[in-house]
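1. Here is a sequence together with a model predicted from it:
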Amino acid sequence: MSARKMRVMPAVEVKGSRAAVLTQVRGTPGPMFVTEGEQPDAESLLCGSCGKALVENVRRGTLVDVFLQCGDCGSVNDVNP
Ligand SMILES: [Zn+2]
């Protein structure tokens, strides 16, 4: 499974975008999304700022056009490559 660091979004770009921001409750351990079992073409997505895995073992392309706000550092990440 591959792991990819997401791009951290500047606050002004988040404000100007219509993409939804999914926020992880501060201090939550572990990822926001996990798929159990073997997935074809699975990837993990890491916070671009602190490296925390916010998405684990999820098939590539399942998550699109959303921002994920990291529960560890508060950075807002773009899931799109
Ligand atoms: Zn982070």
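-> Yes, it's here.
2. Name the spans of the protein whose pLDDT lies under the cut-off.
-> By pLDDT under 70, the chain contains no weakly predicted segment.
3. residues from it in reach of the ion?
-> Applying CB under 5 Å from the ion, we find that the chain lies next to the ion at 47, 49-50, 52, 70, 72-73, 75. C-betas here are computed from N, CA, C, even on glycine.
4. Packing partners of the longest strand seen in the chain?
-> Ranked by number of residues, the top strand in the chain under DSSP state E is strand 53-59. The contact analysis (3 or more CB pairs under 8 Å, 6 or more residues apart in numbering; DSSP states H and E) places strand 53-59 against strand 33-34, strand 42-46.
5. What strands line up against the first one, and which way round?
-> Sheet pairing here is set by DSSP bridges, and for strand 33-34 it gives strand 53-59 (parallel).
6. The strand it pairs with versus strand 42-46: what angle between them?
-> Between the axes of strand 53-59 and strand 42-46, defined by axes from the mean of the first three to the mean of the last three CA atoms, to 10 degrees, the angle is 170 degrees.
7. Same question for strand 53-59: list its buried residues.
-> 53-58 (16 or more other CB atoms under 10 Å).
8. and which of these is nearest to the ion?
-> The ion has its nearest neighbour among those in residue 54, at 7.6 Å by CB to the ion.
9. got a list of contacts for stretch 52-65?
-> 1, 3, 6, 19-20, 24, 31-36, 39-47, 68, 70-73, 77, 79-80 (CB atoms under 8 Å, 6 or more residues apart in numbering).
10. returning to that earlier point: quick check on the residues of the chain next to the ion: which are buried?
-> Among the residues of the chain next to the ion, those scoring as buried are 47, 49, 52, 70, 72, 75 (criterion: 16+ other CB under 10 Å).
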